[in-house]
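Visitor: Pasted the sequence and its predicted model underneath.
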Amino acid sequence: MKKQWNRLRAPAANGFTLAEILVAVVIIGIAIAALVGANGAFTQVNGAAVDLSTAEFLIEEIRELTTTLPVIDPESGKDTFGPEADEATVAAYDDLDDFDNAGFCPPVDVSATALAEFGSFTQQVTVENVSPLSLETPVADHTSDFVRITVAILQNNRPVSSTSWIRANY
Ligand SMILES: [Ca+2]
Ligand SMILES: [Ca+2]
């Protein structure tokens, strides 16, 4: 009985059968494909996270650039919704509504300096007056003391992130 058992086991001692090798090759192939696929997915997620943190950074630059500015122009008040005639560039903007419909590509930093290294990104700014009764409801320009600033970040014209906040004219 023992001899018979040994004979049955004998082929294994000579090495792997062709079928075993083929199965092993298929399993290794599937494992490699899974690893490559997982790595690709990880790279994509990582790339998206980097884009998002860049977008948050660029939103913060606008928030800090505008946070010390008055809601309406210090000289002409409510005469102009948008940049006044002598305010040709963002460096000259001195009130919030100057930023309405402004698009910065390359984006600008807190001191209104262009950030060439983020040239694929755009800061798109919208400034609207909103109702004091409902800060979600836009009203006509300069008809309330509350404004909502919205900064949308686009990368190669694809929206990445957007944030709004409220300022009061006091
Ligand atoms: Ca101004
Ligand atoms: Ca203005």
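Guide: That came in fine, so what should we check first? Numbering: from 1, shown residues only. Ligands and ions are numbered 1, 2, ... in the order given.

Visitor: Let me know the helix or strand that Ser162 is in.
Guide: According to DSSP states H and E, Ser162 maps onto strand 158-168.

Visitor: And Val45, how close does it get to Ser111?
Guide: Distance, Val45 to Ser111, using CB to CB, to the nearest Å: 33 Å. For the C-beta atoms, the positions are set from N, CA and C on the backbone; glycine is no exception.

Visitor: Helices of the protein, start to end?
Guide: Using DSSP state H, the helices of the chain run over 2-13, 18-67.

Visitor: Go through the ones you listed and name the closest to ligand 2.
Guide: helix 18-67 (12.0 Å; CB to the ion).

Visitor: Okay, now the unreliable bits of this structure?
Guide: 1-14 (pLDDT under 70).

Visitor: ok, now with 90
Guide: Applying pLDDT under 90 to the chain picks out residues 1-16, 35-50, 170.

Visitor: Leu35 versus Ser144, what's the distance?
Guide: For Ser144, the distance to Leu35 - CB to CB - is 58 Å.

Visitor: Of those two, give the one with the bigger neighbour count.
Guide: More neighbours surround Ser144 than the other of Ser144 and Leu35, with 19 against 10 (other CB atoms under 10 Å).

Visitor: So that one sits against Leu133, correct?
Guide: No: Ser144 is beyond contact range of Leu133, at 9.3 Å (criterion: CB atoms under 8 Å).

Visitor: ok, which residues in this protein are in contact with ligand 2?
Guide: Asp73, Thr80, Asp95, Asp97, Asp98 (CB under 5 Å from the ion).
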